[in-house]
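Engineer: I need the structure of the sequence given here:
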Amino acid sequence: MDGRTEDQGPRPPRDGGVDRPRAREGGSAEGAPSDPAAHDRGGDGGRRPEREPAAAGTRIADAGALMDLYYEVSMEGVDLRRFLDRLDAGEWGPVDPEVVVEFLRELQAVILSNIEVKATEGPHYAERRDEVIAETQREFEELIGRYLDRT
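Structural biologist: Purely as a prediction, here's the structure:
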């Protein structure tokens with residue numbers, strides 16, 4: 001049992017299944033966060049079967065396992081850059097740079113999809129669509145470049 005009462009209905013999917021930006025320090029409350037990871041997975045979100053995240057010290061061998069770990073940690077309020085810092089420090093064991101690049105590309109696709117969906121929800125979102133997409137792409141290019149340099 002997950003602590004939910006019967007009148008609360010079924011538990012939402014692990015990935016939230018919704019498109020909503022989360023505000024963070026320095027971010028925008030209007031869907032233009034300064035950190036691309038401030039968006040929850042939305043749309044089809046590249047859903048995968050649920051699996052346990054890698055245990056500390058175990059090699060994370062694929063982007064799906066890394067994505068699962070990221071979503072678990074992000075629920076604690078950890079943004080993407082802090083997650084990557086912890087990953088680089090070896091908190092969850094070794095991860096090949098190629099796996100991190102694949103994870104970042106998948107996360108970027110999810111976030112860009114969320115931005116597109118959000119732009120249809122109101123004019124204030126639609127007005128900022130291009131700006132937020134460009135900002136997100138710049139941030140991910142920087143992060144991906146950081147790991148491509150290691151390959």
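
Engineer: What segments of this structure are helices?
Structural biologist: 63-74, 80-88, 97-119, 123-148 (DSSP state H).

Engineer: what's the first one packed up against?
Structural biologist: Looking back up the chat, that one is helix 63-74. helix 80-88, helix 97-119 (3 or more Cβ pairs under 8 Å, 6 or more residues apart in numbering; DSSP states H and E). For glycine as for every other residue, the C-beta is placed from the backbone atoms N, C-alpha and C.

Engineer: Export only the CA atoms of the first one, formatted as PDB.
Structural biologist: Below are the C-alpha coordinates for helix 80-88, written out as PDB (Å, rounded to 0.1, in the frame of the first residue of the first chain):
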ATOM      1  CA  LEU A  80      19.500  18.500 -13.500                       C
ATOM      2  CA  ARG A  81      22.900  20.200 -13.000                       C
ATOM      3  CA  ARG A  82      23.100  19.100  -9.400                       C
ATOM      4  CA  PHE A  83      22.100  15.600 -10.500                       C
ATOM      5  CA  LEU A  84      24.900  15.500 -13.100                       C
ATOM      6  CA  ASP A  85      27.400  16.800 -10.500                       C
ATOM      7  CA  ARG A  86      26.400  14.000  -8.200                       C
ATOM      8  CA  LEU A  87      26.600  11.500 -11.100                       C
ATOM      9  CA  ASP A  88      30.100  12.800 -12.000                       C
END
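
Engineer: name the helices or strands packed onto that helix?
Structural biologist: By 3+ Cβ pairs under 8 Å, 6+ apart, helix 80-88 packs against helix 63-74, helix 97-119, helix 123-148.

Engineer: Tell me what angle the shortest one forms with helix 97-119.
Structural biologist: In this structure, helix 63-74 runs at an angle of 60 degrees to helix 97-119, with axes from the mean of the first three to the mean of the last three Cα atoms, to 10 degrees as the basis.

Engineer: buried ones in helix 63-74?
Structural biologist: 63-71, 73-74 (16 or more other Cβ atoms under 10 Å).

Engineer: before we move on, what about stretch 132-150?
Structural biologist: 132, 135-136, 139-140, 143-144, 147.
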